[in-house]
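Visitor: Need coordinates for the following:
(chains A and B, ligands or ions: 1)
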Amino acid sequence: MRKRTEYLLTTTALLLLGTSSLCHAASGKLIGTAGLSQIEGSGGGGLVPWATLTGYDSQEQISVNAQYSQANLDNYKLDVLGVSASFYDKIEISIAQHEFELKDAGVDIKQHIVGIKYKLYGDAVYSKWPQFSLGVQFKDIDNGEIARAVGAIDSDKGTDIYLAATKVHLGAIAGYNAVWNLTARATKANELGLLGFGGIENGSYQLMLEASAGLLLSRHLVIGAEYRQKPDNLGLGEDDWKDLFISYIPSKDISFTIAWADLGAIAGVKGQQGLYFSLSGQLR
Amino acid sequence: MKSPIMLLTLGMLWGCANHSTSIYQQLGGEKAIEQIVENFIHEIQFDEYMFSQFKDSNINRFREKMAEHLCMLADGPCQYTGDDMQTVHEGMNITENQFNHSVDLFIKAMDKANIPHSIQNKFLAKIAPSRKDIIYR
Ligand code: HEM
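Guide: Alright, predicted model coming up:
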């Protein structure tokens, strides 16, 4: 059953990515202010879920997006495949699949994440105050052996809840548009949930802060930085994550992001840095 | 790693304080605004989605009032003699999508008038607050 959903997800995502530029897509927002997603499948920057939804939908539109992302680190590799739908610039539903490869051990950890995001207030570009959204990410690990081996309390399922605020400032920095985002996340997840939830050092929810800042150099080019605080439930020295990114957005239908990510120690192996690449396409 | 964020924040504050020449002057004055309005009307004419709203409008009046209004928003030396935004767009039921689309067309109109990217953004920042008076009226 699981194999089948995975296969379905993979083929639909690829198919949709392939045909994305052919379809008539939602176009209700300013280019460069939407269309990006994060590693857990929600609309946002590479690491951090933002208050903005993935799609370019306005209050009258529905949009569907797909992403393929990969982080290639010294000792690990993470592949992310995701599909999300945004309804009337109000609700976003996302599904993402993680395949995390432990290069030395030759093993994979798989995880599925279903996300829901609800816009509480505002419009990142047009309202006076930032846009606010509340989101939930339901995480489900396929093979929990490694999570158990490193001492996770729960090696099966976990849920993150976050509140995000995002604002675009038109012409704010020497005439360039700037965007910032702040997210507070309640989580028990170890390394996104790939190493389970909770551990010997801590078993309860903790509040983590995540932040992003970006500058739109043109209507098609964004550079920025992200920071994501993480708990160290397992006592393995889990580090906060950071990246520097550049996104190229040739049209509202497609975007490419490359980032230099510094993910610190993962499962006790220090100094994990590498390139993150992401391709996202708007299907309608 | 936190320093880029700090820099951006500082930059934003600096950007707010830097108002020495008006946007009207930076755009290139009356000529530039007339050119933008002309291009904008051209964009609307060839846009099925927008044109339906304007088919019964007096384009000469629109041209004149729009130029005055933009001049005023850009802190130029003009007197706007048209009606206020809410009254003008009352009953048109302009959707958020139509509004955002009109901003795309407006950007095209500025591109074709060779307005530099950074000045376009500062101008858009002046226009954006009108949105709440224009949509869903
Ligand atoms: C930032 C956005 C906008 C600004 C600053 C703006 C400004 C103006 C101005 C100054 C006028 C002339 C007022 C007068 O004649 O007294 C006008 C008229 C008009 N506007 Fe807008 N407008 C905007 C957006 C829109 C949008 C999105 C639509 C429709 C999709 C629209 C539809 C119209 C129409 C149809 C008229 C002509 C009304 C008539 O025939 O009497 N406007 N607008």
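Visitor: what's the closest residue to residue A:235 other than its chain neighbours in contact with, if anything?
Guide: Leaving aside its sequence neighbours, residue A:235 sits nearest to residue A:201 (C-beta to C-beta, 6 or more residues apart in numbering or on different chains; 4.3 Å). No exception for glycine: its C-beta is placed from N, CA and C like everyone else's. Residues in contact with residue A:201 (C-beta atoms under 8 Å, 6 or more residues apart in numbering or on different chains) are A:232, A:233, A:234, A:235.
Visitor: By neighbour count, which of those residues wins?
Guide: Highest neighbour count within the contacts of residue A:201: residue A:233, with 26 neighbours (other C-beta atoms under 10 Å in any protein chain shown).
Visitor: coming back round to it: between which two of the contacts of residue A:201 is the distance greatest?
Guide: Spatial extent of these (C-beta to C-beta) is set by the pair A:233 and A:235 at 7.6 Å.
Visitor: Find residues that contact each of those two.
Guide: A:199, A:200, A:201.
Visitor: Assign residue B:118 to one of the three secondary structure states.
Guide: Using DSSP: H, G, I helix; E, B strand; the rest coil, the secondary structure recorded for residue B:118 is helix.
Visitor: That one and the ligand, how far apart?
Guide: Distance of residue B:118 to the ligand, computed by C-beta to the nearest ligand atom, to the nearest Å: 19 Å.
Visitor: Now whatever residue of chain B ends up closest to chain A. Nearest residue, chain neighbours left out?
Guide: Closest approach between chain B and chain A, counting by C-beta to the nearest C-beta: residue B:118, at 2.3 Å. Of all residues not flanking residue B:118 in the chain, residue A:175 sits nearest, at 2.3 Å (C-beta to C-beta, 6+ apart).
Visitor: Filter the contacts of residue A:201 down to the ones in strands?
Guide: In strands, judged by DSSP state E, none of the contacts of residue A:201 are found.
Visitor: Out of the residues you listed, which is nearest to residue A:117?
Guide: Proximity of the contacts of residue A:201 to residue A:117 was ranked by C-beta to C-beta; the top entry is residue A:233 with 24.7 Å.
Visitor: low-confidence ranges in chain B?
Guide: B:1-19 (pLDDT under 70).
Visitor: Kindly report the residues of it close to the ligand.
Guide: Residues of chain B lying close to the ligand (C-beta under 6 Å from any ligand atom) are B:50, B:53-54, B:57-58, B:61-62, B:65-66, B:69, B:82-83, B:88-89, B:92, B:94, B:98-99, B:102, B:127, B:130, B:134.
Visitor: neighbours of the residue in chain B positioned nearest to the ligand, just the number please.
Guide: Closest residue of chain B to the ligand, C-beta to the nearest ligand atom: residue B:82 (2.7 Å). Neighbour count of residue B:82, defined by other C-beta under 10 Å: 15.
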